[in-house]
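Chemist: this is the structure alone, sequence omitted:
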Ligand code: NAP
């Protein structure tokens with residue numbers, strides 16, 4: 001029986017692997033078919049401590065990976081198909097093979113919901129973002145739109161006014177779903193404008209490699225018009241990648257995994273979760289890495305009993 005299997009290869013998974021490997025637990029880490037997590041679609045990362053010059057998201061993940069490998073993590077570039085509870089631990093199935101392990105650290109993260117446009121995909125990291133905290137800084141004195149009408153859209157818009165010269169919220173209905181206090185703050189901010197009843201049907205700038213505008217369609221009249229802008233922030237929610245855990249552990253109403261406060265423990269002994277999978281609130285690489293470390297320490301303690 002293996003001591004630790006880690007599933008997921010973002011900052012949480014790799015940090016768990018570094019700690020588990022250095023504790024001589026010989027972890028196996030399944031990195032999936034598209035390794036690296038959300039940082040793989042981020043360009044400059046300027047807020048990860050230790051990189052005063054900034055670093056590209058994919059390079060940062062490559063460094064995490066090398067560090068985990070250096071201490072002997074067994075990396076499998078495979079997608080885990082199922083996770084089962086068995087006597088004394090868990091069974092992980094991948095590529096027709098099964099692995100039995102005493103503990104599992106889940107670190108499969110979350111995904112920002114996308115608008116679902118081809119132009120959005122092409123310009124991701126080149127003016128299109130889903131994280132104002134990460135990328136707002138690059139829009140000093142620029143014009144941006146924020147898509148969405150929830151608390152995130154309000155929060156991101158307000159945050160972006162620190163940098164951008166103009167922030168326009170584009171919302172598909174005529175009222176926000178955000179809490180009143182967040183709406184009040186938004187309406188009171190003179191740098192924020194709102195376009196109601198509009199959806200983004202195209203992001204412009206694919207030909208030049210960066211965002212130059214957005215094509216909007218009025219959801220009531222069907223009218224189409226172009227807006228000249230430099231950035232698009234989609235704040236239309238996140239979804240945790242908790243599919244493997246459904247029916248196995250307690251999830252909250254948004255399908256995030258519930259943990260014992262201040263730990264990475266779930267309601268299933270030996271099953272730990274780290275990173276965005278249990279965190280709808282902070283969602284930062286550094287906080288994910290922090291909980292990855294916590295999960296490895298929690299697993300180590302569990303195994304020593
Ligand atoms: P959310 O509440 O689910 O709101 C998502 C928004 O995006 C909605 O307004 C929705 O429009 C819109 N939307 C969804 N799909 C869309 C699409 N394909 N195209 C255009 N618009 C789309 O998500 P959230 O704002 O990320 O908030 C998530 C949770 O975190 C909430 O419980 C929120 O209260 C909480 N949160 C709290 C704070 C805070 O208190 N400081 C900050 C951030 C988040 P419709 O309204 O038409 O459905």
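Modeler: Received the coordinates, thanks. Every value quoted in this text rests on a predicted model; they were computed, and no experiment measured them.

Chemist: tell me the pLDDT of the closest residue to the ligand within the stretch 101-250 of the chain.
Modeler: For the stretch 101-250 of the chain and the ligand, the shortest gap (Cβ to the nearest ligand atom) falls at residue 150, measuring 2.4 Å. C-beta: built from backbone N, CA, C; applies to glycine. Listed pLDDT for residue 150 reads 95.

Chemist: quick one: contacts for it?
Modeler: 176, 177, 178, 235, 236, 237 (Cβ atoms under 8 Å, 6 or more residues apart in numbering).

Chemist: residues contacting the helix or strand bottoming out on mean pLDDT in the chain, please?
Modeler: The weakest-scoring helix or strand in the chain, judged by mean pLDDT, DSSP states H and E, is strand 44-45 (a mean of 82). Taking Cβ under 8 Å, 6+ apart as the criterion, the residues outside strand 44-45 that touch it are 39, 51, 54, 55, 56, 57, 60, 134, 138, 285.

Chemist: who's in contact with the following helix or strand past it?
Modeler: Taking DSSP states H and E as the definition, the helix or strand that follows strand 44-45 towards the C-terminus is strand 55-56. Outside of strand 55-56, the residues within contact range by Cβ under 8 Å, 6+ apart are 42, 43, 44, 45, 48, 63.

Chemist: returning to what we had before: how distant is the least confident helix or strand of the chain from the center of its chain?
Modeler: The gap between the average C-alpha position of strand 44-45 and the chain average comes to 15 Å, counting by Cα atoms, centre = their mean, to the nearest Å.

Chemist: rewinding a little: just the ones in strands from the contacts of residue 150, please.
Modeler: Judged by DSSP state E, the subset of the contacts of residue 150 located in strands is empty.

Chemist: same for the ligand: which of these are within range?
Modeler: Intersecting the contacts of residue 150 with the surroundings of the ligand, defined as Cβ under 6 Å from any ligand atom, gives 177, 235, 236, 237.

Chemist: got those residues as CSV, with neighbour count, distance to residue 77 and pLDDT columns?
Modeler: Below are those laid out as CSV (neighbours: other Cβ atoms under 10 Å; distance: Cβ to Cβ, whole Å; pLDDT from 0 to 100):
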residue, neighbour count, distance to residue 77, pLDDT
177, 13, 40, 96
235, 24, 32, 95
236, 20, 30, 96
237, 16, 29, 89
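
Chemist: okay, now the domains of the protein?
Modeler: Per automatic domain parsing, the domain ranges recorded for the chain read 2-111+238-303, 114-234.

Chemist: who's in contact with residue 14?
Modeler: Residues in contact with residue 14 (Cβ under 8 Å, 6+ apart) are 29, 61, 64, 65, 67, 68, 289, 292.

Chemist: tell me the one of these nearest the ligand?
Modeler: Proximity of those to the ligand, judged by Cβ to the nearest ligand atom, is greatest for residue 289, which lies at 21.4 Å.

Chemist: regarding the closest one, what is its secondary structure?
Modeler: Local secondary structure at residue 289 is given as helix here, using DSSP: H, G, I helix; E, B strand; the rest coil.
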